[in-house]
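K.L.:
Predicted structure and sequence below. I'll ask about it afterward.
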Amino acid sequence: MTQYALRRALTVIPVLLGVSILVFGFIHMIPGDPALTMLGERATPEKVAEVRQRLGLDRPIYHQYLIYLGKIVRGDLGISIVRGDPVFTDLMRRFPATVELATSAIFLALLFGVPIGIVSAVWRNSWMDSASRLWALVGVSMPIFWLGVMLAWFFGVQLRWLPTGFRLDSATDFRSWSNFVVLDALLQRNWAVVWDALRHLVLPAVALATIPLAVIARMTRASMLEVLSRDYIRTAEAKGLPQAAVILRHALRNALLPVMTVVGLQVGRLLAGAILTETIFSWPGIGLWVYESIESRDYAIVQGASLFIAVIFVTVNLVTDLLYAVADPRIKYD
Amino acid sequence: MRFITIALVVTALVLGTDGPAVAQTFVFGAQGEPVQLDPAIITDGISSRITRQIYDGLVKYTGATTRVEPALAEKWEVSRDGKVWTFHLRKNVKFHDGAPLDAAAVVWNFERWWKSGHPQHENLVKAGQTFEYWEAQFGGFDEKSIVSRVEALGAHTVRITLKEPQAPFLANLAMFVFDIASPTAVEKWGTEFGKHPVGTGAFRFVEWKPNQEVILEANPDYWGPKPNVKRVVIRNIKDNAQRLAALKAGEIHGMEGLNPDDVTVVRSDLNLQLLLRPTNTTGYIAFNFRVKEFQDRRVRQAFAHAIGKKAIVDMLYGGTGLVATQFQPPSLWGYNREIKDFDHSPARAQELLRQAGLTRGLSEITWEDGKKEPLVFWYMSRSRPYFPNPKEIAEAMAADLARAGIKAELQTTEWAVYLDKRKNGQMPLYMLGWTGDNGDPDNFLCYFFCSPGASREGFYSNQPLGDLLLRAQTLTNQAERAKLYRQAEQMIHDDVARVFVANNEPPLGFSKKVKGYVPSPLGDERFNTVEVQ
């Protein structure tokens, strides 16, 4: 198992190298000069040339790539060309916000998605099944920006039950040292802030959970249906086990493997930043940050963040693979 | 049904219906994240909105105008030849860190902006920053600058000597970039000063939460009118619709960047009020003079007659636009009231095209190198103050042009690419505009017309116009300068160098609880006059 994990970890290196080349190539290939974007309407040819030189953009592209690669090997993701801040520090400051949001969304998606899938499979073709399948279909096809705006409008503007965006109220005076606001507030036992932060988390988490919830529900249903038709389930039922035990202990555990794969992919996706949700709810995570950086052609941030996101994806996939063994003792890695 | 009712009631109780408690706090919704809070190196309005609360300059613009009035300097004299300026500083003013504001501090700031060898200049340049506005307004650094000497004459008097008179000198000094920072704080923080700003302004910096908000608190020792609120929070809400939602939900008290369509929403909401920023921005259509057809003035005139500016302004600016007749907006003192705009007449436009030999109208253009291609009319993909919804405006203009026999294909691209194409002179016909920096006509006209033939301006070349504008730069008498700028506008009009379309008064939305917010044409408003009831 350890050996397998190590071997898998080593394969990460060529993947990341590939990603770095792709990202570097793509961002330099798309038209639009960062120097010009910085200077806007006021650009003169002299100023543009000066800024390009300062940013090192006047050097040959392979030269720029090698410099970049040399830096990442040393753990330096570079400096934002717009703000001049180290990309790594910025990343670490924003990532907790994304983690907080993604975890809440996945929590909601699992909390509702798995039971809906089970109910749907066990009472196949009942009204509950139809309702949950319809719900899953709507969830998968729902445009998130529309849903987000509607949630904010209905619960924020009309009912005023929940805030329309941000992590804390403007009147809340709270300094979070790790940027995991809920966690920090819990550790400091500042219940008012915990409450405030949770209220701010509800709408973006619900908006973000919609698609994973639907996907998980569908996958759970499909997987459960397959397992429920197996012989050992019939045997379990025949020996008189209560239905709950058959479903939860025998069927669900076996049905969970494909669901885990889906959850792994969703976690990776959500951690990579939910651009639309973060923009709609002014959630200061990496999605919003990368989006703004692409607009301003901040090469350093786009490259650094993409690489980071690739690491996250690869890691989550690795962890998911290893978790298979936990869920299913029949799987062994050697 | 009963279950749903109970569920809703329980949810309401659990979540609570209390809006944010904002007693004594003014929350403003900005369109994005500030870049830095060191005024000397920033160029964007989002950052300067915040620095204007923290710092003061020697002089400042008065309320809703672009006139200049005393700030840290109580009064000043200028020598007869316009080269020597003596400023008398206000006494007993302190920076937020307790250091005194005196002549030495002012001289220190000038040297930091001006001298490339100054340690606090050098380190920022090494960190990739530039003192861009100093270079633009005062001719460059060290020997290249128009400033030749800055000295302290005693504790509260500063003398600035120029190599030659500079007409917009005071207007330049009032710009946010030339606000005075605490030398002790700059030396303490070095390149990180932009995250720990210290000035003499009405508000002190408290905290900057990246991608979220900047928090300020009232400065009880402020030399000017004391703030009416204890705390200011400037929140970064990128999306225009969401910013309006936050305003309607009572989470923020005021906002910039209203969509034109939302102007009516604010107007019809009993809890909200609409304020207009006096215009300081002009949107235009530019011609590429490497296109043979556009070298004929009659063709350019045809464009000017073809476009129904009034209908565009009425329909697409949410009631906040004005028809532009020239480059300067009417708020500037160089504005020429005598210019008679081209009347909207498709028939006249067709006639002019015929006279120019384009009997079948214009749908194909010829570049100077002989290459022919269909006429493409470029519009920007991003909303700008002068063209709040560029796509709709472009569509309306293209329809007007079609009625006059000019068939233009509309095309857009991302803002970064757009600027690239404009710089390289690749667009035959395109929309662009300008927002003034300092209320001086020179800032509008010279950037565009002082260097004839530049690719970024579509290779337009008019030497007499350039000479006239350069002459206006050296005069100090405003009346004489105004005369030259009016003359320049007439020349631009007669030559149809551009088709000026609209000025805009960018709308701001506020809660009715807010009083005393005075929008400045330069986006220069100070929050110490703001009251939240």
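P.N.:
The structure has been received and is ready for your questions.

K.L.:
For the residue sitting nearest the centre point of chain B, which non-adjacent residue is spatially closest?
P.N.:
The centre of chain B sits closest to residue B:435, judged by Cα atoms, centre = their mean, with a distance of 4.1 Å. Closest residue to residue B:435 apart from its sequence neighbours, by Cβ to Cβ, 6 or more residues apart in numbering or on different chains: residue B:281 at 4.3 Å. Yep, even glycine has a C-beta here, placed from its N, CA and C like the rest.

K.L.:
thought the one you found was touching residue B:443?
P.N.:
No: at 12.0 Å, residue B:281 does not count as touching residue B:443 under the criterion of Cβ atoms under 8 Å.

K.L.:
For the two, list the residues in contact with both.
P.N.:
Common neighbours of residue B:281 and residue B:443 (criterion: Cβ atoms under 8 Å, 6 or more residues apart in numbering or on different chains): residue B:436.

K.L.:
for the residue lying closest to residue B:256 once chain neighbours are set aside, helix, strand, or coil?
P.N.:
Ranked by Cβ to Cβ, 6+ apart and with sequence neighbours excluded, the top spatial neighbour of residue B:256 is residue B:508, at 5.5 Å. Of the three states, residue B:508 takes strand under DSSP: H, G, I helix; E, B strand; the rest coil.

K.L.:
Measure how buried residue 65 is and give me the count.
P.N.:
In the absence of a named chain, chain A is used. 17 (other Cβ atoms under 10 Å in any protein chain shown).

K.L.:
meant chain B, my bad for not saying
P.N.:
Around residue B:65 there are 15 residues (other Cβ under 10 Å).

K.L.:
Could you grab the helix/strand/coil label for it?
P.N.:
Strictly by three-state DSSP, residue B:65 counts as coil.

K.L.:
thought it was touching residue B:522?
P.N.:
No: applying Cβ under 8 Å, one finds residue B:65 not in contact with residue B:522, separated by 9.5 Å.

K.L.:
Contacts only, for the residue nearest to the centre of chain B.
P.N.:
A:41, B:280, B:281, B:385, B:386.

K.L.:
What's the ChimeraX syntax to select whichever of those residues are buried?
P.N.:
Remark: buried members of these, expressed as a ChimeraX selection using 16 or more other Cβ atoms under 10 Å in any protein chain shown:
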select /B:280,281,385,386
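
K.L.:
I'd like the contacts of residue B:435 written out as CSV, with secondary structure and pLDDT added.
P.N.:
Formatted as CSV, the contacts of residue B:435 follow (DSSP: H, G, I helix; E, B strand; the rest coil; pLDDT from 0 to 100):
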residue, secondary structure, pLDDT
A:41, helix, 63
B:280, coil, 92
B:281, strand, 94
B:385, coil, 87
B:386, coil, 92
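
K.L.:
For the contacts of residue B:435, work out which two are farthest apart.
P.N.:
A:41 and B:280 (13.6 Å; Cβ to Cβ).

K.L.:
Please identify which helix or strand holds the closest residue to chain A within the stretch 351-500 of chain B.
P.N.:
For the stretch 351-500 of chain B and chain A, the shortest gap (Cβ to the nearest Cβ) falls at residue B:416, measuring 3.0 Å. Element membership for residue B:416 (DSSP states H and E) is helix B:415-423.

K.L.:
Now that helix - C-alpha only, CSV.
P.N.:
Presented in CSV, the C-alpha positions along helix B:415-423 are these (Å, rounded to 0.1, in the frame of the first residue of the first chain):
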residue,chain,number,x,y,z
TRP,B,415,-10.4,44.2,-23.8
ALA,B,416,-6.7,43.2,-23.7
VAL,B,417,-6.7,42.3,-27.4
TYR,B,418,-8.7,45.4,-28.3
LEU,B,419,-6.1,47.7,-26.8
ASP,B,420,-3.4,45.7,-28.6
LYS,B,421,-5.1,46.1,-31.9
ARG,B,422,-5.7,49.8,-31.3
LYS,B,423,-2.0,50.4,-30.3
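
K.L.:
Are there helices or strands packed against that helix, and which ones?
P.N.:
For helix B:415-423, the packing partners by 3 or more Cβ pairs under 8 Å, 6 or more residues apart in numbering or on different chains; DSSP states H and E come out as helix A:34-39, strand B:376-380, strand B:429-435.

K.L.:
ok, and what's touching the following helix or strand past the longest one?
P.N.:
Tracing the chain past strand B:429-435, the next element assigned as helix or strand by DSSP H and E is helix B:441-449. Helix B:441-449 is touched from outside by A:42, B:167-168, B:282, B:327-328, B:332-335, B:434, B:436-437, B:457, B:460, B:462, B:465-466, B:469-470, B:472-473, B:481-482, B:485, B:488-489, B:492, B:497, with contacts defined as Cβ under 8 Å, 6+ apart.

K.L.:
Now distance to residue B:526 too, for the contacts of residue B:435, in JSON lines please.
P.N.:
Shown next, in JSON lines, are the contacts of residue B:435 (distance: Cβ to Cβ, whole Å):
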{"residue": "A:41", "distance to residue B:526": "26"}
{"residue": "B:280", "distance to residue B:526": "17"}
{"residue": "B:281", "distance to residue B:526": "21"}
{"residue": "B:385", "distance to residue B:526": "20"}
{"residue": "B:386", "distance to residue B:526": "25"}
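
K.L.:
Let me know the closest of the contacts of residue B:435 to residue B:121.
P.N.:
Once Cβ to Cβ is applied, the member of the contacts of residue B:435 that ends up nearest residue B:121 is residue A:41, at 25.8 Å.

K.L.:
for the closest residue to chain A within the stretch 201-350 of chain B, helix, strand, or coil?
P.N.:
Closest contact between the stretch 201-350 of chain B and chain A, by Cβ to the nearest Cβ, is at residue B:211 (3.3 Å). Here residue B:211 is recorded as coil under three-state DSSP.

K.L.:
these two touch, right, it and residue A:94?
P.N.:
Yes: with contact defined as Cβ under 8 Å, residue B:211 reaches residue A:94; the gap is 6.5 Å.

K.L.:
Mind listing the shared neighbours of those two?
P.N.:
A:284, A:289.
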